[in-house]
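**Q** Any chance you can model this:
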Amino acid sequence: MKYIIIGLGNFGASLAQKLTSQGNEVIGIDTSMAKVDANKEKISHTICMDATDEYTVSGLPLKETDIIVVAIGEDQGTNVIVTAIFKNFEVKRLISRAINPLHEKILQAIGVDEILYPEEESAERWAKKLSLNNVVDSFELSPDYSIIEAVVPKEYVGKTVREISFKSTFNLLVLTIIKKVEVKSILGKTKTETQIQGVASADLKLEANDILVLYGSNKDLKNFLKQKLR
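**A** A predicted model of the protein is given here:
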């Protein structure tokens, strides 16, 4: 996949490096030449440029890029301006970093696809989340094994865990299923809540919008995602 990371601070640089090491093509951007030079051997491509300049941004390969991450954290104003510029170019997927609740509301108003909080989540976790299609979340247990949350493939809707044979077919364990359920409040208003189903039963039938919680080797997880979640 192809990524553009704007802001090569601690989080942005680490995210760009990890995505590069996973075999992705990454363009790392910063206004600091020192940061660009420090990362040029660790990231696919590094560019020293001002991403608040709309004309300069228009020269980037935006249409060919799968995900753009605005990782600027030191200057909220710059973060908002850069996010708005990329949003105006109608990029495929735009993720931006939020520093506080007010900043988050501004980014939501701009219409970003997702908001990240580096203070709460590691670059390693985000690198895995971004590099695997349809992964909702992930937790790395070791360099070789992980637990991931992934949406149920359409072809498995209506089938049981036993019928799919995750263990024999993909060498993966289904730990549990997370379901989205509509519940009514005491005032009669309906809202959607996520409910964890406990240890997955072999006879549990999968439904649309269910989330699988899978355990296995990173290699087997990637193979499953490539085959079934395209």
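**Q** low-scoring stretches of the chain, by residue?
**A** 119-143, 181-189, 191-198, 227-230 (pLDDT under 70).
**Q** Report the residue ranges of every domain in the chain.
**A** 2-130, 133-228 (automatic domain parsing).
**Q** Check the offset of the first one from the chain's centre.
**A** By that I understand domain 2-130. Centroid separation between domain 2-130 and its chain, computed with C-alpha atoms, centre = their mean, to the nearest Å, is 12 Å.
**Q** so where do the helices sit in this protein?
**A** Using DSSP state H, the helices assigned to the chain run over residues 10-21, 33-39, 54-57, 76-88, 101-110, 123-131, 161-164, 166-170, 218-228.
**Q** Mind giving me the packing neighbours of the fifth one?
**A** Of the remaining helices and strands, those touching helix 101-110 by 3 or more C-beta pairs under 8 Å, 6 or more residues apart in numbering; DSSP states H and E are helix 76-88, strand 114-116. No exception for glycine: its C-beta is placed from N, CA and C like everyone else's.
**Q** winner for burial among the ones you listed?
**A** A comparison of the helices and strands packed on helix 101-110 by mean neighbour count, using mean count of other C-beta atoms under 10 Å, puts helix 76-88 on top with a mean of 19.
**Q** Identify the residues contacting that one?
**A** For helix 76-88, the surrounding residues in contact (C-beta atoms under 8 Å, 6 or more residues apart in numbering) are 6-7, 51-52, 54, 57, 62, 68, 70, 72-73, 94, 96-97, 99, 103, 106-107, 110-112.
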